[in-house]
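Asks: quick one, structure for this:
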Amino acid sequence: MVATFESVQQLGKEQFEAASAAAAALTKGWQTIAAETTDYSKKSFEKSRLLAEKLIGVKKIDEALQLQSDYAKGAYEDFIAEATKLGELYSSLAKEAFKPVEAAATKVYSAGE
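Replies: Below you'll find the model as predicted:
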């Protein structure tokens with residue numbers, strides 16, 4: 001098959017559009033991840049602040065140990081939930097970013113046959 005100027009120009013346009021769509025998906029994905037990370041950090045800081053306030057008012061060492069133990073358990077559970085959520089966001093980011101590139105590559109490959 002002989003490539004004409006128009007077909008080469010169309011191919012370049014499609015590749016540019018695919019790259020632009022991938023960049024837009026990456027930007028949106030990174031913004032979502034940044035917002036989620038910021039939210040988690042704020043919540044974590046607030047929980048730490050509340051723990052400090054409670055520890056200041058404690059009269060017995062047993063109460064302090066129980067507060068610290070409950071805090072550690074909650075912090076661990078929150079971290080696991082956040083790590084899972086971020087993992088899903090990163091996976092979604094990769095899928096969305098590669099969709100336009102994959103579609104363009106498929107189109108180029110099928111046109112070459």
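Asks: from here on, contacts and neighbour counts on C-alpha atoms
Replies: Fine.
Asks: what is the neighbour count of Phe98?
Replies: Look at Phe98: counted by other CA atoms under 10 Å, it has 18 neighbours.
Asks: so it sits against Ala23, correct?
Replies: No. Using CA atoms under 8 Å, Phe98 makes no contact with Ala23, being 9.6 Å away.
Asks: pull the distance from stretch 43-58 to the chain's centre.
Replies: 28 Å (CA atoms, centre = their mean, to the nearest Å).
Asks: pLDDT on it, on average?
Replies: Average pLDDT, stretch 43-58: 96.
Asks: just stretch 80-89 next, same as before
Replies: The average of the pLDDT scores along stretch 80-89 is 97.
Asks: and for stretch 69-77?
Replies: 97.
Asks: for it, buried residues please.
Replies: By 16 or more other CA atoms under 10 Å, the buried positions in stretch 69-77 come out as Tyr71.
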